[in-house]
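**Q** from the sequence below, what's the structure:
(chains A and B)
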Protein chains: 2
Amino acid sequence: MTHPWKIIETHFNHSRVKAAESLFSIGNGIMGQRANFEESYTGESLPGSYIGGVYYPDKTRVGWWKNGYPEYFAKVLNSAFWIGIEVKVNGELLDLHTAKVLDFYRELDMQHGLLTRRFTAELPNKVKVEVEAVRFVSMVRTELGAVSYSLKLLSGDAEVELMPYTNADVKNEDANYDEKFWDFVEQSATPSSHYVTMRTKKTDFSVSWFSQYEATANGKPVAFNPVEKHAWVGASAKIKAQKEETITLYKYVGITSSLNHKPENLAKAAQEVAAEAQKFGFAALRAEQSKAWEEKWAHCDVEIGGDDEAQQGIRFCIFQLLQTYTGKDTRLNVGPKGFTGEKYGGSTYWDTEAYCIPFYLSTAGAQVARELLKYRYNQLPKAIENAQKLGFTDGAALYPMVTMDGEECHNEWEITFEEIHRNGAIAYAIYNYIRYTGDRNYLVDYGVEVLLGIARFWAQRITWSEERNKYVMIGVTGPNEYENNVNNNWYTNNVACWCLRYAKESIEWVKKMFSQRYSEIVKKTRFDELNEWAQWTDIVEKMHFPEDKERQIFLQQDGYMDKEQILVKDLEPAQRPLNQKWSWDRILRSCFIKQADVLQGLYFFEDNFDTETIRRNFHFYEARTVHESSLSPCVHAILAAKIGDIDKAYELYLRTSRLDLDDYNKEVNEGLHITSMAGSWMAVIQGFAGMRVRDGQLTFDPKLPKHWTGLAFKVDFRGEVIEFKV
Amino acid sequence: MTHPWKIIETHFNHSRVKAAESLFSIGNGIMGQRANFEESYTGESLPGSYIGGVYYPDKTRVGWWKNGYPEYFAKVLNSAFWIGIEVKVNGELLDLHTAKVLDFYRELDMQHGLLTRRFTAELPNKVKVEVEAVRFVSMVRTELGAVSYSLKLLSGDAEVELMPYTNADVKNEDANYDEKFWDFVEQSATPSSHYVTMRTKKTDFSVSWFSQYEATANGKPVAFNPVEKHAWVGASAKIKAQKEETITLYKYVGITSSLNHKPENLAKAAQEVAAEAQKFGFAALRAEQSKAWEEKWAHCDVEIGGDDEAQQGIRFCIFQLLQTYTGKDTRLNVGPKGFTGEKYGGSTYWDTEAYCIPFYLSTAGAQVARELLKYRYNQLPKAIENAQKLGFTDGAALYPMVTMDGEECHNEWEITFEEIHRNGAIAYAIYNYIRYTGDRNYLVDYGVEVLLGIARFWAQRITWSEERNKYVMIGVTGPNEYENNVNNNWYTNNVACWCLRYAKESIEWVKKMFSQRYSEIVKKTRFDELNEWAQWTDIVEKMHFPEDKERQIFLQQDGYMDKEQILVKDLEPAQRPLNQKWSWDRILRSCFIKQADVLQGLYFFEDNFDTETIRRNFHFYEARTVHESSLSPCVHAILAAKIGDIDKAYELYLRTSRLDLDDYNKEVNEGLHITSMAGSWMAVIQGFAGMRVRDGQLTFDPKLPKHWTGLAFKVDFRGEVIEFKV
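**A** Sure thing, here's the model as predicted:
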């Protein structure tokens, strides 16, 4: 249901359980939980409870090994199922897969960060029950999760068995070799609490889950008996309940990890969190949570008038971004699926730099964005090592495509070794940050070393073609991953040359302004000013950029026009999404584009191109783009707005902001597309509001869809909060 | 050691055990056995016993699934270890890994098909023993393997425990999910014999191994007690032996499979083979084996005078080819590793058509070659299905890259979907067969349907480029697998156009000569003569072939000259082989060539090019070719001879014919390169002897390396045996 502040589900659909588990996920930037049911569910489900920064290096699985592949893929861990409450009535398990669901309602209240579910169900033994479950992970107490679970018998007196539990004996669905990633450490259970501590294999992260619980039946306290199994702690209470009687259980769970505590204190720390929460009480915690979220919204909200669909879309995106990364823990980053699924989950991609930085810059402040940049600075030695593995030398740095701790994780040669434009996005984020904040000191302390490593990489990766009398870049995959191993991808050539120029400018500036620091850097990096600069300049001057002179457009890569030119509008709907319907080679041979590629370059370097050039390229490429990456429509939306095609911009905006809500790419069951949500935010702020930074000032050029009655938001800018309203 | 008729090893080298196991492999075209030791060996070893046509579809392992990948990879099965003889002296295991090897000699007598091993070893308990083991798999009795094992105590009296056994509880080293591929069926053991029957999972092939054995100590019979474990049958005898006393054990093993027997008769059939062999006796069997091999050699030998290294090389190749495929069972084909290892083992590649057909045509006769062609005809429906999976229609056929039963097995997109030139080799083999034999009837009955399916594939795979006003072929991998997903690979474009022409000519001929059969084919295949021919002709006339006009060479693919042009001679030796030293992307970016690509085309279609053109292209590409495929040097050798560069031809010939003996590519431990051995044969016959078929006649143009004193061989040609001698 469309609602400006809520995500609402009014029917129970067996086949959409996993999709709903993703959509109704909750998190607090430190940990997150998919919307699995508290009570048992035997149907298809992806249990998912994730803790930021707690990962496992799973041994690489590959069909045919290529030299240079990493040995491990660092995975976000599915961790203990702490929300569990098993319910039996007259011995029959409450399970929505086997029960008749008479009535079902679920809402994610984004304004207050609360997940509520109500249902009426008839069990196979004909007992009817009504349930209301409310839960949240606290934005204030980042190590706390809380559940309230109420049950009423509708059909008559019965024996209700209630069993709150934590199951730590879990695994990842995406484990490469079907192994479990956790080792058991210790556990204990009492009538009013239980805890379990686990430790990850190889990486040795420890986590404790400590639950305090209490229940009342008809207002009277319920007594529990502790139950223990391997890596499983719980407590059982049998209650003789009468018709219409309400039984309510509160569960307060402290979740502490060795990222923040000494392993020997973990359980105690978790206990303190849980006990303090219990003392405070569910209602008070809930109020505290609501207030914290309201404060966030007061600062981060984007209000769209006259369009609930668009409003719900953007709020869903902002809500998810705020749930995923808060900047409180600088060891963390923004995973493409955040805390909503396993796939790509938790790892860092170029998404952070290309899509997320602007959102956090404007809503969380310079410091948070600066920490995201420092994350890459800290991993510079690993990026240099990574480049060395591929044969590069002399301090050239290639940042990994996918990483948790700086090590490359991905193993498809066409991506791992060739989708190297990611290096460009990392440099661009530094530029973008400084442009927005004016904080050029970042360059001096950190940025310039990163830029130097990246520039050196490009200088080695680009080769001279005697044939053309030009520099060329052979064997790359651009942002459009529906082309692999192409020569002279326009975007990559462009971003590479930009990096060389920007690195040179930045180093020159540091040299001029901070000569001592410059000397340090020269020494540390063995920088050969004369020769390296000369080489960079030569490349920039003589680089080959493919273009189609007749159509006056930039060409995605050499030979692109040799392809059969078919437009997306002429594709049969039954053929889409192509990535599910066509064999891979057919996709590669076709002219169809997965995501903004040339257009990504026009977006990044807009000021270098006149509007007519942008328009020609936009029309050419948009007609061939299938947007089968979540990162695609937002960039197209911004450019469409830029060239004044607001209808197109609006269509693309809905696609990006409601990608998961409307499941365009038929994969929301795996988790949400968190990083692209930042792109949706950009589509509004840079697209419809036309916000840009130029010469240290914010400029706006609003162009709203006709039916919108207004647009309002706030951005942080150089210490001020700017309120924008149309 | 170099020897004209033998492969000889005179030292025991722990680190070369696996390599030697490959080099000393024995087989009879129906089954084969790596040179594992009969007695226990606890060092690094790859046990390998293979039965042609008995395979298992192992679930595909892949890092990142691509649409169109096959679900299974059919693997040749490591099967029961039937040579096993465990030996203990005074309770201490005889194991060359723990013993002190005082003396070691092993020879593979290629002239007689016998493997002999002699050694003296001191066990950890200081007992000294001398052993001689002789074994073979019979060329006459194709279901028989026989072992003679003699042991003498050198150091004093001792108790010797002898245990012949068959262990069927084995697995494949290359199993994707570490599972075992065999199910146990039944077993039994008596004091003089034992057997075990196993059945493959999924494919339900059954195999029985029945051993009869007998031993004497000092001429007196030894008594055994049967021993059984799970899928393991054996018998133990304890012998109080005196110093210098010889104990001899004979083991006769019948190996029968459900390919040739009803499953319920398997064990009985195996018993008959073993019992009959035992009756005949080891000496007589050995004589029979020697005679069978001498007869083969009388027909297939290639004699090289004055060069033992070259002589040993070519005989090793011929020996292995004769061991791998005899043409007796038309369900079999020639696997790249034959019966010598697991990797690629047993499956069919384009190697058969491009490299092996000429050898079998000339040495085994037209019928055997015809059966190799029919193997593909029989799999045409699967090839059409395979093309459909990739989006092709209307009877287009794409033969698999790797197959056991017609299903594609391989799963690397750049190979599976793009190394499509294999279709060309399959068509070329038909042409080559007819050119050699004159048997155009093959076209009528079978060939023309295959050619039509292949032509249709090319006609759909090639696309029209508006830009160039030419036909192009996008996204292919040529024979040189060090380039992936390139556009307009000259070889592939060339072989595709040749296919279209040859298919058209062939169909026209059938139409003219066998109009009724033609009508049948038209109906069966819905052949649209008018339009299909017109399209084929149009493609042939307007195809784009990349070339370098300045250098007057054909270009491997569009953009090849953009690469940095470095020559192989300027590569540091420490960098080679590139495929072990460089990351994959670096290899792809470089100009280095894995195997003959443009040159493969010049070899296939030699008569279309003048010698100067061949010379220019040879010099250009040879200088850039690293020959890291076993299939490469033979083609270069033939062309080098063609252009009169005999020194180069000789260098390349040694490389191809002694590839495994001298372990150029440092991988012989995995098994031998069987299919490339046919290329070595071609290098002599087509290279140095200059044999060609022109207008139905054999022609020769001998150009021998200076130090060769002679060259002699026989070839079958149209019912005659031609003896060639220089």
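**Q** for the longest helix anywhere in chain A, buried residues please.
**A** Here the longest helix in chain A is taken by residue count, with DSSP state H as the criterion, and it is helix A:490-513. Residues of helix A:490-513 classed as buried by neighbour count (16 or more other Cβ atoms under 10 Å in any protein chain shown): A:490-500, A:502-504, A:506-507, A:510-511. In short, each C-beta sits where N, CA and C put it, glycine included.
**Q** okay, and the beta partners of residue A:57?
**A** Here residue A:57 sits in beta bridges with residue A:74, going by DSSP bridges.
**Q** hang on, it packs against residue A:202?
**A** Yes: judged on Cβ atoms under 8 Å, residue A:57 makes contact with residue A:202 at a distance of 5.8 Å.
**Q** those two - which one has more neighbours?
**A** Comparing residue A:57 with residue A:202 by neighbour count (other Cβ atoms under 10 Å in any protein chain shown), the higher total belongs to residue A:57, at 20 against 13.
**Q** show me what contacts residue A:80?
**A** Listed by Cβ atoms under 8 Å, 6 or more residues apart in numbering or on different chains, the contact partners of residue A:80 are A:49, A:166-168, A:170, A:196, A:198, A:207, A:209.
**Q** mind putting these in JSON lines, neighbour count included?
**A** Formatted as JSON lines, the contacts of residue A:80 follow (neighbours: other Cβ atoms under 10 Å in any protein chain shown):
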{"residue": "A:49", "neighbour count": "25"}
{"residue": "A:166", "neighbour count": "25"}
{"residue": "A:167", "neighbour count": "21"}
{"residue": "A:168", "neighbour count": "25"}
{"residue": "A:170", "neighbour count": "19"}
{"residue": "A:196", "neighbour count": "30"}
{"residue": "A:198", "neighbour count": "26"}
{"residue": "A:207", "neighbour count": "27"}
{"residue": "A:209", "neighbour count": "28"}
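**Q** from the residues you listed, which land in helices?
**A** Using DSSP H, none of the contacts of residue A:80 sit in helices.
**Q** closest one to chain B out of these, please.
**A** Using Cβ to the nearest Cβ, residue A:170 comes nearest to chain B of the contacts of residue A:80, at 22.0 Å.
**Q** what sits against the closest one?
**A** Per Cβ under 8 Å, 6+ apart, neighbours of residue A:170: A:47, A:49, A:78-81, A:180, A:182.
**Q** and the two most separated of those?
**A** Spatially, the most separated pair among the contacts of residue A:170 is A:49 and A:180, at 14.8 Å (Cβ to Cβ).
**Q** follow-up on the earlier one: can you flag the buried ones in the contacts of residue A:170?
**A** Buried among the contacts of residue A:170 (16+ other Cβ under 10 Å): A:47, A:49, A:78-81, A:182.
**Q** how about those residues in CSV, adding pLDDT?
**A** Listed next are the buried ones among the contacts of residue A:170 as CSV, based on pLDDT from 0 to 100:
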residue, pLDDT
A:47, 97
A:49, 97
A:78, 97
A:79, 97
A:80, 98
A:81, 98
A:182, 97
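**Q** can you list the residues you listed in TSV and add secondary structure?
**A** Listed next are the buried ones among the contacts of residue A:170 as TSV, based on DSSP: H, G, I helix; E, B strand; the rest coil:
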residue	secondary structure
A:47	coil
A:49	strand
A:78	coil
A:79	coil
A:80	coil
A:81	strand
A:182	strand
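**Q** residue A:294 belongs to a helix?
**A** Yes: counting by three-state DSSP, residue A:294 is located in a helix.
**Q** next, count neighbours for residue A:701.
**A** Neighbour count for residue A:701, taken as other Cβ under 10 Å: 12.
**Q** is it correct that it is in contact with residue A:688?
**A** No: using Cβ under 8 Å, residue A:701 is not in contact with residue A:688, being 9.7 Å away.
**Q** before we move on, the earlier item: contacts with chain B among the buried residues of helix A:490-513, please.
**A** For chain B, no contacts are drawn from these by Cβ under 8 Å from any Cβ of the partner chain.
**Q** just the pLDDT for the closest residue to chain B within the stretch 351-500 of chain A.
**A** Going by Cβ to the nearest Cβ, chain B is nearest to residue A:417 of the stretch 351-500 of chain A, at 3.4 Å. Looking at residue A:417, its pLDDT reads 97.
**Q** for residue A:484, see how far away it is.
**A** 11 Å (Cβ to Cβ, to the nearest Å).
**Q** these two: who's more crowded?
**A** Applying other Cβ under 10 Å to residue A:417 and residue A:484 shows that residue A:417 carries more neighbours, namely 29 against 24.
**Q** distance of the more buried one relative to residue B:589?
**A** Distance, residue A:417 to residue B:589, using Cβ to Cβ: 9 Å.
**Q** what does residue A:725 give?
**A** Residue A:725 sits 53 Å away from residue B:589, going by Cβ to Cβ.
**Q** looking at those two now, which is surrounded by more residues?
**A** residue B:589 (25 against 11).
**Q** touching, that one and residue A:474? I think so.
**A** Yes: in this structure, residue B:589 is within contact of residue A:474 by Cβ under 8 Å, at 4.9 Å.
**Q** now do the shared contacts for those two.
**A** Contact criterion Cβ under 8 Å, 6+ apart; residues shared by residue B:589 and residue A:474: A:463, B:563.
**Q** pLDDT value on residue A:178, please?
**A** Looking at residue A:178, its pLDDT reads 88.
**Q** ok, for it, nearest residue in space, not its chain neighbours?
**A** Spatial nearest neighbour of residue A:178, excluding adjacent residues (Cβ to Cβ, 6 or more residues apart in numbering or on different chains): residue A:171 at 7.8 Å.
**Q** distance of that neighbour relative to residue A:81?
**A** Using Cβ to Cβ, residue A:171 is found at 11 Å from residue A:81.
**Q** please apply the same query to residue A:57.
**A** Counting by Cβ to Cβ - residue A:57 and residue A:81 are separated by 23 Å.
**Q** what does residue A:384 give?
**A** According to Cβ to Cβ, residue A:384 stands 41 Å off from residue A:81.
**Q** same check on residue A:671?
**A** From residue A:671 to residue A:81 the distance is 17 Å (Cβ to Cβ).
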